[in-house]
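S.K.: Just the structure for this:
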Amino acid sequence: MIRTLRPTDLVAYLSFRGRAGPNEALLRPNDTPTNSSLKGFITRSLSIDPRCESWLQIQDGRIDGLVGARSRFGSDIWDIDQLICLSHESGTIYRALLRHLTTAASEEGVQKIFLRVMAGSSAVEAARSTGFFQYAVERVYQLGSLATRVRSAAPALRPRRRADHHALFQLYCSVVPVVVRQVEGMTLQEWRWTEGWGMRPPMNWRMDLPRARRDFVLEKDLALSAWLQVKPRFNTIWSLLRPEEQAEVPGIIRYGLSQLASGKPAYCTVREYQTFLEPVLQGEGFELIAEQALLARVLAVRVQEPRLVPMRAHLSR
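M.R.: Numbers count the residues shown, from 1 in each chain. Below is the predicted model of the structure:
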């Protein structure tokens, strides 16, 4: 039986923690599979965070698996952040849990479900068999200890402006393969939802974003040719560039690193369509530490928006 997690499941949950494998679902590139926590149980079972929900597979008081998801702010998108089960039964349990979560998401009107796991995880095949599609692989690079760097502005790199949405979307469409865009966003509106820019209140936009992420862009010939994201909280950088801008990569990477806290590890992710970033990262001392599979399940059918068409004269009979 699969049902929502309850406070009365505490004893069974503690027993499950000792027998189960690590949590396979990752939220961020620098996450690693970890054991389930008591704090997570309290938060989910008491619904302290209304954006999060968990379901468990339980039989005769014995928990065999657990799956959970959290909704993105202001959008009909879920990210799976819990996927735990008994290792010797992982395939069967993963499939049952993911099917149940997908049904629950559909009933809630969710349009997309995202799942990030290690590339070699058994969860990849289980997710595929339940309708998930692997749309990309991210290679995670780590710099063991970031040395203090002088903060100097990269040539032509400026902070992202609110009016840059269209230009950034054009950059995204010119660089990202169509198979990825079909999942993350084929239209400007879909892309903004996935990026988390769809429902952010205008009055809070400038206050909320800097705490979580800082964005910088490279503008040339009235177009954007590079995009840098800096996430100070997680000491992570990410960049998207046109292939012809490879000469700008070292300066952009170094500028991003100068925005991070020194004395602790720094991270950067690279997808298969941006491999020209890897030699630069390796030259800066980064080492490859993981490959992660990015999967998604699209629940809503894309419908074309109504549009006007030319009226054709009807032939009279």
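S.K.: Tell me the first helix or strand C-terminal of the least confident helix or strand in the chain by mean pLDDT.
M.R.: Among the helices and strands of the chain, helix 202-212 carries the lowest confidence by mean pLDDT, DSSP states H and E, at a mean of 47. Per DSSP states H and E, helix 202-212 leads on to strand 214-220 as the next helix or strand towards the C-terminus.
S.K.: So which elements touch that following strand?
M.R.: Counting contacts by 3 or more Cβ pairs under 8 Å, 6 or more residues apart in numbering; DSSP states H and E, strand 214-220 packs against strand 157-159, helix 165-175, strand 223-231, helix 249-258. C-beta coordinates here come from the backbone N, C-alpha and C atoms, glycine included.
S.K.: For Glu284, find the nearest of those.
M.R.: helix 249-258 (6.3 Å; Cβ to Cβ).
S.K.: Could you tell me the angle between the direction of that closest one and that of strand 214-220?
M.R.: 160 degrees (axes from the mean of the first three to the mean of the last three Cα atoms, to 10 degrees).
S.K.: Mean confidence (pLDDT) on helix 249-258, please.
M.R.: Computed over helix 249-258, the mean pLDDT rounds to 94.
S.K.: Then stretch 97-111?
M.R.: For stretch 97-111, the per-residue pLDDT averages 96.
S.K.: about what we covered before: ok, which of the helices and strands packed on strand 214-220 comes nearest Tyr135?
M.R.: It is, among the helices and strands packed on strand 214-220 and with distance given as Cβ to Cβ, helix 165-175, at 14.2 Å.
S.K.: Let me know the average pLDDT across the closest one.
M.R.: Helix 165-175 comes out at a mean pLDDT of 96.
S.K.: Let the chain start at 55 from now.
M.R.: Okay, using 55 as the starting number, the last item reads as helix 219-229.
S.K.: List the buried residues in it.
M.R.: 221-223, 225-226, 229 (16 or more other Cβ atoms under 10 Å).
S.K.: Out of these, which is nearest to Asp114?
M.R.: Tyr226 (50.2 Å).
S.K.: so what's that closest one closest to, chain neighbours aside?
M.R.: Trp245 (6.4 Å; Cβ to Cβ, 6 or more residues apart in numbering).
S.K.: Show me which helix runs longest in the chain.
M.R.: Assignment by DSSP state H gives helix 144-161 as the longest helix of the chain.
S.K.: Now find how far off-centre that one is within its chain.
M.R.: 19 Å (Cα atoms, centre = their mean, to the nearest Å).
S.K.: ok, Gln113 - contacts?
M.R.: By Cβ atoms under 8 Å, 6 or more residues apart in numbering, Gln113 lies in contact with Met55.
S.K.: What separation is there between it and Pro333?
M.R.: Plainly put, Gln113 is 52 Å away from Pro333 if you go by Cβ to Cβ, to the nearest Å.
S.K.: for Gly119, same thing?
M.R.: Counting by Cβ to Cβ - Gly119 and Pro333 are separated by 42 Å.
S.K.: who's more crowded, those two?
M.R.: Applying other Cβ atoms under 10 Å to Gly119 and Pro333 shows that Gly119 carries more neighbours, namely 25 against 12.
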